[in-house]
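# with the sequence up front, the predicted model follows.
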Amino acid sequence: MNALRRTALRNWLHGVMFKSVPLMINCREFEGFILEYLEGDLTRRQSFVFETHLKVCRECRDYLTAYQTTTDVVKRVFQDEEAPVPETVPEDLIKAVLEAKNAR
Amino acid sequence: MDDDGLVAALLSGSDTAARELVTRHSPWMLAVSKRILRDPVLAEDCVQEALIAAITKIATFEGRSSLKSWLHRILMNQSLMKLRVRKRRSEDSIDDLLPEFYENGCRIEEVGSQYRTPEEILGSRETVDLVKQHIEQLPESYRIVLQLRDIEEMTTAEVADALELTETNVKVRLHRARSALKSLLEPVMRGGGS
């Protein structure tokens, strides 16, 4: 069976399972819970439903991994910009600030 | 002079302390303001105004947070005020970058790839620059929420207040911004790097 047919079959099976198994949500519904799940804002029941979907859905597992990697990268990508004090003193800025300070 | 000494000297009106405050804190303040405003000239104005406001209001600094956190709050207020005033640019739609689903609600997603870890992605100057470029590519109304929540570490309530949005709206924009960025970063995360 080629890869395309396997994917189509898996999607069909998932579609049937998500619709007919109690407490099972589909991927579109899962999408709506991601942010609150990661922030710990779901109830225990909602978390259970979310994690059950995650266990059976490879697409959502991969998606969530990439989503979390993206978030981790974003949180850390500007850390190198917390610039140390440069050797040159910003004289223009100092002058402007002192003028404003002493004018008050 | 440590920050406590600096605050005490600023309270007494010392020019030397004001000079020290600018020298010590303006570099990171400029970096933060540039990230928010994406306009170096506007960011410089903003830092200047924030430093003047800080010196003027130094008596209100109660020492409950660090001096840097207090300055960060003043700077954010100034930067966001400028952002609101600045004429709104027309934005591209973000829809093409959001997750897609089949009619039965199943996710359309390529599976089975090995993703690089954040450490691997952030370990190279080239990919760090790509990540920054992709953040820049996001439409402003989404980028700013991502910036404030994930980079400047403000709470949802603080972002909602600063941008005059509801908390629900902030959450929706944050999730969409992260999802769109995830699409843009796919090649980087999978190791393709473009």
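Good, I have the coordinates. Numbers count the residues shown, from 1 in each chain, chains lettered A, B, ... in the order given.

# whichever helix in chain A runs longest - contacts with which helices or strands?
Counting by DSSP state H, the longest helix found in chain A is helix A:58-77. Counting contacts by 3 or more C-beta pairs under 8 Å, 6 or more residues apart in numbering or on different chains; DSSP states H and E, helix A:58-77 packs against helix A:27-31, helix A:34-38, helix A:44-56, strand B:107-108, helix B:118-122, helix B:125-137, helix B:167-189. The way it works is simple: take the backbone N, C-alpha and C, and place the C-beta from them, glycine included.

# now the helices for chain B?
B:3-11, B:15-37, B:40-56, B:67-85, B:118-122, B:125-137, B:140-146, B:156-163, B:167-189.

# minimum distance to residue B:92: which of these has it?
Nearest to residue B:92 among those is helix B:125-137 (8.8 Å), distances taken as C-beta to C-beta.

# give me the angle between the closest one and helix B:167-189.
Using axes from the mean of the first three to the mean of the last three C-alpha atoms, to 10 degrees, the interaxial angle of helix B:125-137 with respect to helix B:167-189 works out to 150 degrees.

# list the buried residues in stretch B:1-20.
Residues of stretch B:1-20 classed as buried by neighbour count (16 or more other C-beta atoms under 10 Å in any protein chain shown): B:3, B:6-7, B:9-10, B:17-20.

# out of the residues you listed, which touch chain A?
Near chain A, judged by C-beta under 8 Å from any C-beta of the partner chain, the entries from those are B:18-19.

# any idea how far residue A:3 is from chain B?
The gap separating residue A:3 from chain B is 10 Å, by C-beta to the nearest C-beta, to the nearest Å.

# give me the distance between residue A:45 and chain B.
Applying C-beta to the nearest C-beta, the value for residue A:45 to chain B is 20 Å.

# wouldn't residue B:36 be in contact with residue B:144 here?
Yes. Using C-beta atoms under 8 Å, residue B:36 is in contact with residue B:144, at 7.1 Å.

# hey, what's in contact with both of those two?
Common contact partners of residue B:36 and residue B:144 (C-beta atoms under 8 Å, 6 or more residues apart in numbering or on different chains): residue B:83.

# re earlier: residue B:28 is nearest to which of the helices and strands packed on helix A:58-77?
helix B:125-137 (16.6 Å).

# what residues does stretch B:177-184 touch?
For stretch B:177-184, contacts defined as C-beta under 8 Å, 6+ apart pick out A:63, A:66-67, A:70-71, A:74, B:94, B:97-99, B:134-135, B:137-138, B:142-143, B:145-146, B:150, B:189.
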